[in-house]
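**Q** quick one: sequence plus predicted model below, questions after.
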Amino acid sequence: AQDPELRAAMQILSAIAAPAYQTDFNLFAVLTMKMVYLTYKHGNTEFAPFAIGLNAVAHTGVLGMYQSGLEFSQLSRRLVDHLDAGQMRARAIMLANSFVTHWRTDIRETFEPFLEGARAGMETGDMEYMGYCYHFRTQNQMIAGVPLAEVEEEMQRYYRILHNLQQAQPLTVLRCWLQLVTLSRGEGPPGEELSVEYMGAADLEFIYETQYRTSLGEIHHARAILHFYADHMDAAREEIRLAHTYDIFVLGYSSLPHLGMLEALVAVSLARRGQPRGVRRQVRGILRQLKRWERAAPVNQRHRVALVEAELASLRRREQAALEAYERAYRYAHEGGYLWDEALILQRTGEYYLHLERSIVAAAYLARAIQTYETWGAPALAETLRRRHADLFPEQAVRPVVEETRAVQLSADAAAAAAPAAGTGEDSLDVGTVLKATRTISEEIRLERLLGRMMDMLMENTGARAGALITQEDDRLWLTATGQAGEGGQALTPAVM
C-alpha cells in the first residue's frame, strides 16, 4: 500500500506502541488492533511486520493461543524480508523472542535471534529495540541457567552501550537484573551481601515518575528473589504481590513461570511456619497455570511443574509423593541444563527433609545445593544457604564446597587406581573407596538408590559377604540399609535399634 495517509497513520501508531505498552495497556491493545485492522483492510506497508508481531503477542500473552502466536510471529519475520522492511527487523525479532517463541520451543533458541535483532537495531538506528534485545537475551540466559559469569559479562557490556546511547527504559530494566546478578555473585557494595535495599533503590523513584510499569513488575520480581534467598518470606510475599499488580504489562514474558514457581515456594515456606491459611488453594492455582504453560513447551516448564507438585504434596503430608516429585523435578532440570533451578530444587528437597526432622539426609541435599549454586556462579547464594544451615555441616564445610567437589572429581579416578586392592591393606576402607563414595553422593538424588550403591561399594571394597548401615540421629541408632554379596545393597525404612 502506497497511500501516504495510511503510511503516516501506521508510522504514528508504531512510534507510540511501546510507550503505550509501558503505561496504559488498554491503549496499547487498541493501538495494536488498529494497526492490524489497517493492515488487513488496506494492505501491507513497511510497518506491517510490527503490526503482525504485536498480533502474535496478543495471541500468546492475552489469549493463551501459543501455536497461532508462533505462526503470526513467523509471518512477521517473513514480511520483513518480503517487504524489504529492514527498519522493522529489530522489532519483529524482539517481539517474537521476548513474548512468543519460548512458549513453544526451548528458551535457548531465543539467544541467537536476540543478537541478530540487536545488530539490526544498531544498523537501522532503532536503539530502543536494540536495548530490549540486549535485556531479554540476558534475562532468558539467566532463567535458563547459563553460568552467571557469562551472563554478567554480557550484561556489563550491554549496560555500557545503552548508557552511552542514553536509552533510559531498556537501561533501567537491564540494570535491575544486573544488580541481581552482581549480588548473587557476591560483587555488590561492601557489606551489602543480599541487600534488597540496594537492589533497584536507584531506579524505583525514577520508574514511578515515568510510569514504566513493565520495569516495576520486573524490579519487584527481582527483589522477591533476594528476599526469598535471605529467608525473608513475608517480605518476598509482599514483593510478589506488588509484581502481580503489573502482570498485564508483562504478558508473555519468559519470567512469568519463574515468578509463579517462586510464589508457590514462598507460600509453602510460610505455611510450614504456621501461616497455612488458603495456601493449598493458592498453590493449586499456580500449578494449574504452570501445567498450561508446560503443555505448550514442556522442555521449559516440566521441572517447575514437578517442583510445585512436590511442594503441594508436602502440604498434604504425602511424603512419598513429595519425594518422588522432587526427584522428577531434579531430573528434568538437570537434563534441561537449568542450573539455577537445579540448585533450587536440591535446596527445597533438603529443606523438606529438615521439615521431616531427618537432618542427616537434609545435610546431603543442602550440601549438593550449595555446590550447584557455586557451580552456577552464585557464591553469595551458596554462602547464605551455608550460614543458614551451619549447624548441619562440619567446621571444614565453611570452605567453598565447589572447590572440594572439583578436587574430588579430578582425583577420584587416579586415587582409586592407585589404592590397594579390596581387603588387602590394614585399613581396607581405603581412600579410593571414600573418593568413589563421595562422587556417588554427588550423582544421586534419591536416598534409596544412594544407600544401595554405598552398600555395594563398601562390601566390594572390604570383601564382606553381608553388611548393614547403622546411623545415629537424636542420640539413637537406626538400621538404615543392608546388603548381601551378589544381591546388592538395599535401603530400609529406618528402624530404631
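**A** Received, thanks.

**Q** next up, phi/psi of the nearest residue to residue 105 once chain neighbours are set aside, please.
**A** By the measure of C-beta to C-beta, 6 or more residues apart in numbering, the closest residue to residue 105 outside its immediate chain neighbours is residue 297, 6.6 Å from it. (C-beta placed from N, C-alpha, C; glycine too.) The phi and psi values for residue 297, taken as degrees, to the nearest 10, are phi -150, psi 80.

**Q** which secondary structure element contains residue 252?
**A** With elements delineated by DSSP states H and E, residue 252 resides in a region that no helix or strand encompasses.

**Q** now it: how far from residue 322?
**A** Using C-beta to C-beta, to the nearest Å, one obtains 32 Å as the distance from residue 252 to residue 322.

**Q** picking that back up, contacts only, for the residue nearest to residue 105.
**A** Contacts were defined as C-beta atoms under 8 Å, 6 or more residues apart in numbering; by that measure residue 297 touches 66, 102, 103, 104, 105, 106, 107.

**Q** and stretch 294-311, how far out from the chain's middle?
**A** From the chain centre to the centre of stretch 294-311 is a distance of 12 Å (C-alpha atoms, centre = their mean, to the nearest Å).

**Q** nearest residue to the middle of this structure?
**A** residue 143 (4.1 Å; C-alpha atoms, centre = their mean).

**Q** that one against residue 107, yeah?
**A** Yes: with contacts counted by C-beta atoms under 8 Å, residue 143 reaches residue 107, the gap being 6.8 Å.

**Q** re earlier: out of the contacts of residue 297, which is most surrounded?
**A** If you count neighbours using other C-beta atoms under 10 Å, the busiest of the contacts of residue 297 is residue 102, which has 30 neighbours.

**Q** residue contacts, it?
**A** Here residue 102 is in contact with 109, 110, 140, 254, 297, 300 (criterion: C-beta under 8 Å, 6+ apart).

**Q** now the last one: how far from residue 225?
**A** What that stands for is residue 300. Note on residue 300: its distance to residue 225, by C-beta to C-beta, is 18 Å.

**Q** check the second one too.
**A** Noted for residue 110: a distance of 21 Å to residue 225, by C-beta to C-beta.

**Q** repeat for the third one
**A** Between residue 140 and residue 225 the distance, using C-beta to C-beta, works out to 16 Å.

**Q** same thing with residue 145?
**A** Taking C-beta to C-beta as the measure, residue 145 falls 14 Å from residue 225.

**Q** comparing the two, which residue is more hemmed in?
**A** residue 225 (24 against 21).

**Q** shared neighbours of residue 143 and residue 107, anything?
**A** Taking C-beta under 8 Å, 6+ apart as the contact definition, residue 143 and residue 107 share the neighbouring residues residue 254.

**Q** quick check: the farthest pair among the contacts of residue 102?
**A** The largest distance within the contacts of residue 102, taken as C-beta to C-beta, falls between 140 and 297 and amounts to 12.7 Å.

**Q** identify the contacts common to these two.
**A** A shared contact of residue 140 and residue 297, defined by C-beta under 8 Å, 6+ apart, is any residue touching both; here these are 102, 107.

**Q** who's in contact with residue 109?
**A** The neighbourhood of residue 109, defined by C-beta under 8 Å, 6+ apart, consists of 101, 102.

**Q** where in the stretch 51-200 of the chain is pLDDT low?
**A** Judged against pLDDT under 70, the low-scoring parts of the stretch 51-200 of the chain cover residues 188-200.

**Q** try 50
**A** Of all residues in the stretch 51-200 of the chain, those with pLDDT under 50 make up the ranges 190-193.

**Q** going along the chain, name the helices of it.
**A** Counting by DSSP state H, counting those that start in this stretch, the stretch 51-200 of the chain has helices at residues 66-82, 89-99, 111-124, 127-143, 148-165, 168-184.

**Q** how about the fifth one, which residues are buried there?
**A** The reference is to helix 148-165. Counting neighbours by 16 or more other C-beta atoms under 10 Å, one finds that the buried residues in helix 148-165 are 148, 151, 152, 154, 155, 158, 159, 161, 162.

**Q** the residue lying closest to residue 162 once chain neighbours are set aside and residue 255, how far apart?
**A** Distance criterion C-beta to C-beta, 6+ apart; nearest residue to residue 162, sequence neighbours excluded, is residue 171 at 4.2 Å. Distance of residue 171 to residue 255, given as C-beta to C-beta: 18 Å.

**Q** if you count surrounding residues, which of those two has more?
**A** Remark: of residue 171 and residue 255, residue 171 carries more neighbours, 23 against 20, as counted by other C-beta under 10 Å.

**Q** strands along the stretch 251-400 of the chain, start to end?
**A** With DSSP state E, counting those that start in this stretch, there are no strands along the stretch 251-400 of the chain.

**Q** remind me which residues of it are low pLDDT?
**A** Residues of the stretch 251-400 of the chain that meet the criterion pLDDT under 50 lie in 396-400.

**Q** again, only using 80
**A** Screening the stretch 251-400 of the chain residue by residue with the criterion pLDDT under 80, one finds the ranges 275-277, 393-400.

**Q** for it, what spans make up the helices?
**A** Listed in chain order, the helices found in the stretch 251-400 of the chain under DSSP H, counting those that start in this stretch are 255-272, 279-296, 298-315, 319-336, 339-355, 359-376, 379-388.

**Q** who wins for proximity to residue 120 among these?
**A** Among those, helix 255-272 sits nearest to residue 120 (C-beta to C-beta), with 23.8 Å.

**Q** what helices or strands is the closest one leaning on?
**A** Using 3 or more C-beta pairs under 8 Å, 6 or more residues apart in numbering; DSSP states H and E as the contact criterion, the neighbours of helix 255-272 among helices and strands are helix 127-143, helix 213-229, helix 233-244, helix 279-296, helix 298-315, helix 339-355.

**Q** tabulate these (JSON lines), appending distance to residue 262.
**A** Putting the helices and strands packed on helix 255-272 into JSON lines (distance: least, C-beta to C-beta, whole Å) gives the following:
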{"stretch": "helix 127-143", "distance to residue 262": "12"}
{"stretch": "helix 213-229", "distance to residue 262": "6"}
{"stretch": "helix 233-244", "distance to residue 262": "7"}
{"stretch": "helix 279-296", "distance to residue 262": "10"}
{"stretch": "helix 298-315", "distance to residue 262": "10"}
{"stretch": "helix 339-355", "distance to residue 262": "9"}
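
**Q** so which of those is nearest residue 366?
**A** In this view, the helices and strands packed on helix 255-272 are compared for proximity to residue 366 by C-beta to C-beta, and helix 339-355 is the closest at 3.8 Å.

**Q** by how many degrees do the closest one and helix 359-376 diverge?
**A** Counting by axes from the mean of the first three to the mean of the last three C-alpha atoms, to 10 degrees, helix 339-355 lies at 160 degrees to helix 359-376.

**Q** quick one: contacts of helix 339-355?
**A** When contacts are defined by C-beta under 8 Å, 6+ apart, helix 339-355 is touched by residues 142-143, 145-147, 265, 272, 303-304, 307, 310-311, 314, 322-323, 326, 329-330, 333-334, 359, 361-366, 368-369, 372-373, 375-376, 378, 381, 385, 389, 445.

**Q** how far away from the center of its chain is it?
**A** 13 Å.

**Q** with stretch 146-156 instead?
**A** 15 Å.

**Q** returning to what we had before: out of the contacts of helix 339-355, which end up buried?
**A** In terms of neighbour count (16+ other C-beta under 10 Å), the buried residues within those are 142-143, 145-146, 265, 272, 303-304, 307, 310-311, 314, 322-323, 326, 329-330, 333-334, 359, 361-366, 368-369, 372-373, 375-376, 378, 381, 385, 389, 445.

**Q** tell me how far the residue nearest to residue 105 lies from residue 383.
**A** With distances defined as C-beta to C-beta, the gap from residue 297 to residue 383 amounts to 34 Å.

**Q** same thing with residue 349?
**A** The spacing between residue 349 and residue 383, counted by C-beta to C-beta, is 20 Å.

**Q** all set now, cheers.
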